[in-house]
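K.L.:
Generate coordinates for the sequence data below:
(2 chains)
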Amino acid sequence: QIQLVQSGPELKKPGESVKISCKASGYTFTDYAMHWVKQAPGKGLKWMGWINTYIGKPTYADDFKGRFVFSLEASASTANLQISNLKNEDTATYFCARGKQGRYVMDAWGQGASVTVSS
Amino acid sequence: DVQMTQSPSYLAASPGESVSISCKASKNISTYLAWYQEKPGKTNKLLIYSGSSLQSGTPSRFSGSGSGTDFTFTIRSLEPEDFAVYYCQQHHEYPFTFGSGTMLERK
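P.N.:
Residues are numbered from 1 along each chain as shown, chains lettered A, B, ... in the order given. Okay, the predicted model is just below:
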């Protein structure tokens, strides 16, 4: 079955970097886009952008341009999210989610990766 | 950005009842509206996309309607497993935006 398994919780200090992984299984990785979604504590969902897994091209929402990088290890069916120069407001759960073909909706989700930024 | 206003934020109902959730877009998004379910300990689930299309595996008691700026999500005859948080999402244009969520609690 389709699964997206994300890396574990992270505790970081302001200014540090973090890399979150999302390993896909149960389907052909490069046939589907991968989206990233942020959920701050007690808040709703915020779309960060997506990456075309076939050509590796990322698209970022404006609020996530600069410190956020989507990347791939296609041979390992893995998508990554790297956040640099962490700020307190980056404290959140980050979800990877597979894009449904032909639609900008997300038809399979990871379990979420918690990132806590605290000095 | 397209603002999605979802209401109510909280809803209490009993199994067997029917409930509806509203989602209003700040501009015309045609029928590019999806609904998701969030439950503790489970991954988020896509239920409906393009306004009214049921995602594979979504039970027929779930339905979506609307176009333009006004959309409705309905669960007919609630089952015990339906108590969850529901979000709408517009998939018409970047950046894709979500409603603030509706917590459906068992009365």
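K.L.:
What parts of chain A come near chain B?
P.N.:
Neighbours of chain B within chain A, by C-beta under 8 Å from any C-beta of the partner chain: A:4, A:44-47, A:49, A:59, A:61-63, A:95, A:97, A:100, A:103-111. In this view, the C-beta of every residue, glycine as well, is placed from N, C-alpha and C.
K.L.:
Buried by neighbour count, from those residues: which ones?
P.N.:
Among the residues of chain A next to chain B, the ones that count as buried by 16 or more other C-beta atoms under 10 Å in any protein chain shown are A:4, A:44-47, A:49, A:61, A:95, A:97, A:100, A:103-111.
K.L.:
Mind checking which of those residues are in strands?
P.N.:
A:L4, A:K46, A:W47, A:G49, A:F95, A:A97, A:M106, A:D107, A:A108, A:W109 (DSSP state E).
K.L.:
My guess is the fifth one contacts A:K46. True?
P.N.:
Yep, that's A:F95 we're talking about. No - with contacts defined as C-beta atoms under 8 Å, A:F95 does not count as touching A:K46, sitting 10.2 Å away.
K.L.:
Which positions within stretch B:79-98 qualify as buried?
P.N.:
B:82-92, B:94-98.
K.L.:
Tell me how far the most centrally placed residue in chain B lies from chain A.
P.N.:
For chain B, the residue sitting closest to the mean C-alpha position, by C-alpha atoms, centre = their mean, is B:W35 at 3.7 Å. Shown here: B:W35 relative to chain A, a distance of 10 Å by C-beta to the nearest C-beta, to the nearest Å.
K.L.:
Please name the residues that touch that residue.
P.N.:
Taking C-beta atoms under 8 Å, 6 or more residues apart in numbering or on different chains, we find B:W35 in contact with B:C23, B:L46, B:L47, B:I48, B:Y49, B:F62, B:G64, B:F73, B:Y86, B:Y87, B:C88, B:Q89.
K.L.:
neighbouring contacts of stretch A:107-114?
P.N.:
A:2-10, A:20, A:22, A:39, A:92-100, B:43-46, B:55.
K.L.:
any idea of the mean pLDDT in that stretch?
P.N.:
Taken as a whole, stretch A:107-114 has a mean pLDDT of 98.
K.L.:
And for stretch A:62-81?
P.N.:
If you average the pLDDT values across stretch A:62-81, you get 96.
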